[in-house]
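Colleague: below is the sequence, then the predicted model.
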Amino acid sequence: MRRGLLAWSPQEIAKSEFDRRLAVLRSRFDQAGVDVLLVYTNFARPAAISYLTNVVLFWSEAMLVVPRTGDTTLVVGLPKRDMTVIRPTGCFDELVCDPDARTALVTVLTEQGLLGQRIAILDADSVPAPFAGAIEAAGGSLMTVDDILDTGNDDGSSAALQVKAADIARNALGASSIALDRAASLVAMVELNARLAGAEEVQVLIAPDLARDKGLRRIEGPEGLGERFAICVSVAYKGHWVRIGRTISRQAAPQSWSMAQAAIPAIADGLSAGTDATAQIEQALGRLQAGQIDSWALEGQAGGSPLALLAHDKQALRGTTEGQLIVFSAWLDLPDGPYFAAATARVGQGLLAA
Amino acid sequence: MGLRETIVAVRQERMAALLERQGWDAAVIYGNGWRAEFLRYVSDFGICEGHGVAIVTRHGVTLLVESPFEAERARTECPGVSVHLVGDIFGAVSQHLDGYDRVGAAPAAFMPSGLVGALPVGTADASALLAEILMLKAEAEVEAVHNAARMADEGYAVFRAATRPGRMEYEIIAEVEAFFRSRHCADHFVIIGAGGTEIRGMHPPNDRKVKKGDVVTTEITPSMDGYFAQLCRTLVVGEPTDVQRRAFSVYVDATEAGIAAVRAGVTAAHVAKAENDVFRARGLGEYTTSQYTRVRGHGLGLTVDGGPPILESEDRVLEDGMTIIVHPNTYHPDVGYIVLGDAVAVTKTGSRRLAATPLALFSVPA
């Protein structure tokens, strides 16, 4: 399960950095033609509000109201008695708690005189429709806005937390014994190591026996670990996500793996910002022997999603920006059988973990 | 056929019957890592990342996801479902619905604007119908909840063993999480509270260290085959005081009164009143209000916090096949926040307790 409402440590991200991020966001309001930006979060879409306030909500939803000037207000769909728990977890001005967050949001917009202004919802297509419905029913009108928030714009604080998350993932995997017989035992050990190191979320997918199949999955029944298996570990630490994946041989690693072990992280490491990520990846993959590539995917932090799909072997979707956290993963068909790897990097700033 | 396959078959039958009854060509069911229950019901996929949309027709289930890892996992975990990794999930919904005129969709409260915009004009709101189907469980589904309740019993034993002075809350929960993973339990919800009269509720585990004399509360809620069962228990680090024991006895009486009140045909309000009357009789009625507590129990199943809510204002009638938790969790002015509660299956004649952990105030060495 995912923890949330994590303590905000000003030593990790200072208030001045959150102020700077907010100022950068507001500096883009004119160009976007926006007076008020609404930034949504729920348990599954934590990234944007985490970047702006440090808040990682738990089992609820919230909207951050960012007017052009003045106080920000976080409207949370939890009862008032939770205010004392939420307040210390983030950097924002006002806090409103109400189980009916949609109505409470309209009340805040009305009371602050914002309802008649030009309001936009970040990542609007992904936000529950009743929010927009409530605003429009109250007489407000909404406009669309794209690319106004750049979560790669960081003074190094988030980069440091991403490094920490990467260390947790790498160490959790490295410290877990591959001599175990049961897939569930390995998953449990990775989870324990990562949680004890402070991860608020750990997701372990495993293809426990590559001689049988290569489907990465959660373990919900008795499955043994084969001689070769693939594992993918996703870790969140203080709202910062990383993902690493490896193929592991319980015997000596086959010769054909050595090239792949270097190639996948190198692709993540070498990506530069722009709209041509697919071209960069395909060029790099083209240097591998023909016929080896089964599938690949590039994910990155975008909007409220910690890891959104940016491109894959069949489709280019979005470009990358400098400093953006990305995960490159691929399945290869090697002479010694299937091979999987995933690596996390910051665009233009190098590899975090593989 | 195993339990999971039986459950999937039952759910498919019920969805087919729903489509037939409503005259729908398709049902469009949304889910994400927070609100996953409807999507799980129709596709058996427990989504973790991104948006997921299932399109259910009489020909089968198409699952659209936007994460490559979710797509790979769904293909492995959900045989029989046609899984598609898509870049523009709402556009893909629109394409898949081309030619379908009569459509129902759910859950309306959480469907993203992009999805709503992709639905045909006149799409019916299927939320209440789906919620009802999720509440009224088939025998196999109740058995899955029972399996989860057994896991919760074992998990609480791990929790007790892990709780000792100096340990941070998240370190305690780490051991519980690892135990569950080792037992093939893929998902788990838990909140915790530790301290004294300053503690007004529970929260996700944080870095507060447990200390001698703390009252430590938890709601352990593992999921087996997608079905959650909850166990609420309280322990004291060290020997409980007489004040703590006396206070706790109110919760034992209220839980037992609540469980005794459960049977098919009574309202949720009837159960809540039975619990709250115990507090009122001890002069603690104030602590049954929303200032101190949320609900006196709730439904359990594919979600941690399902319907019906057990509240004195809730007139929903309990029915055979519902699984609920009865938990009179609230603040006590003498000792702080206390929790106690058991999952039960509603039957025609009463209820069947699903947990085996005693309704006791536990203690661990200080």
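Modeller: Sure, I can see it.
Colleague: surely B:Phe110 and B:Arg35 touch.
Modeller: Yes. If you go by C-beta atoms under 8 Å, B:Phe110 and B:Arg35 touch, sitting 4.6 Å apart. The way it works is simple: take the backbone N, C-alpha and C, and place the C-beta from them, glycine included.
Colleague: helices along the stretch 101-250 of chain A, start to end?
Modeller: Ranges of helices in the stretch 101-250 of chain A, per DSSP state H, counting those that start in this stretch, are A:101-111, A:129-137, A:157-174, A:183-196.
Colleague: mean confidence for the third one?
Modeller: For helix A:157-174, the per-residue pLDDT values average out at 96.
Colleague: give me every residue in the stretch 151-300 of chain A lying close to chain B.
Modeller: Contact residues (C-beta under 8 Å from any C-beta of the partner chain) of the stretch 151-300 of chain A with chain B: A:182, A:184-185, A:187-189, A:191-192, A:195-196, A:198, A:200, A:202-205, A:213, A:215-222, A:232, A:234, A:243, A:295, A:297, A:299.
Colleague: now the buried members of these.
Modeller: A:182, A:184-185, A:187-189, A:191-192, A:195-196, A:198, A:200, A:202-205, A:215-220, A:232, A:234, A:243, A:295, A:297, A:299 (16 or more other C-beta atoms under 10 Å in any protein chain shown).
Colleague: now intersect the residues of the stretch 151-300 of chain A next to chain B with the strands, please.
Modeller: A:Val202, A:Gln203, A:Val204, A:Leu205, A:Cys232, A:Ser234, A:Arg243, A:Ser295, A:Ala297, A:Glu299 (DSSP state E).
Colleague: closest one of the residues you listed to chain B?
Modeller: A:Ala297 (3.8 Å; C-beta to the nearest C-beta).
Colleague: report the contact partners of the residue lying closest to the closest one once chain neighbours are set aside.
Modeller: Spatial nearest neighbour of A:Ala297, excluding adjacent residues (C-beta to C-beta, 6 or more residues apart in numbering or on different chains): B:Pro68 at 3.8 Å. Applying C-beta atoms under 8 Å, 6 or more residues apart in numbering or on different chains, we find B:Pro68 in contact with A:Ser295, A:Ala297, A:Glu299, A:Leu309, A:His312, A:Ser329, B:Leu85.
Colleague: show me what contacts A:Leu22?
Modeller: Listed by C-beta under 8 Å, 6+ apart, the contact partners of A:Leu22 are A:Leu52, A:Val66, A:Thr72.
Colleague: 10 Å instead?
Modeller: By C-beta atoms under 10 Å, 6 or more residues apart in numbering or on different chains, A:Leu22 lies in contact with A:Leu52, A:Thr53, A:Leu64, A:Val66, A:Thr72, A:Cys91, A:Phe92.
Colleague: next: A:Lys164.
Modeller: A:Lys164 neighbours (C-beta under 10 Å, 6+ apart): A:Glu12, A:Ala197, A:Gly198, A:Ala199, A:Val235, A:Tyr237, A:Lys238, A:His240, A:Val242, A:Leu352.
Colleague: go again using 8 Å as the cut-off
Modeller: Contact analysis of A:Lys164 by C-beta under 8 Å, 6+ apart lists A:Tyr237, A:Lys238, A:His240.
Colleague: is the residue positioned nearest the centre of chain A in a helix, a strand, or coil?
Modeller: By C-alpha atoms, centre = their mean, chain A has its centre lying nearest to A:Pro306, at 1.7 Å. Look at A:Pro306: counting by DSSP: H, G, I helix; E, B strand; the rest coil, its state is strand.
Colleague: need the contact list for it.
Modeller: A:Pro46, A:Ala47, A:Ala236, A:Gly239, A:Trp241.
Colleague: then B:Ala152?
Modeller: Residues near B:Ala152 by C-beta under 8 Å, 6+ apart: B:Ile220, B:Thr221, B:Pro222, B:Ala229, B:Gln230, B:Leu231, B:Ala343, B:Ala355, B:Thr357.
Colleague: what's the local residue count around A:Arg118?
Modeller: Using other C-beta atoms under 10 Å in any protein chain shown, A:Arg118 has 18 neighbouring residues.
Colleague: that should have said B:Gly307, apologies.
Modeller: Number of residues near B:Gly307 (other C-beta under 10 Å) recorded here: 18.
Colleague: one more: B:Val103?
Modeller: Quick note: B:Val103 (other C-beta under 10 Å) scores 21 neighbours.
Colleague: now it: closest residue in space that isn't a chain neighbour?
Modeller: B:Thr123 (4.6 Å).
Colleague: check B:Val243 too.
Modeller: Closest to B:Val243 by C-beta to C-beta, 6+ apart is B:Asp334, at 5.3 Å.
Colleague: repeat that for A:Ala62.
Modeller: A:Val76 is the one closest to A:Ala62 (C-beta to C-beta, 6+ apart), at 4.3 Å.
Colleague: that neighbour contacts A:Leu57, doesn't it?
Modeller: Yes. Using C-beta under 8 Å, A:Val76 is in contact with A:Leu57, at 6.9 Å.
Colleague: now flag whichever of the contacts of B:Ala152 is closest to chain A.
Modeller: For the contacts of B:Ala152, the closest approach to chain A (C-beta to the nearest C-beta) belongs to B:Thr221, at 8.3 Å.
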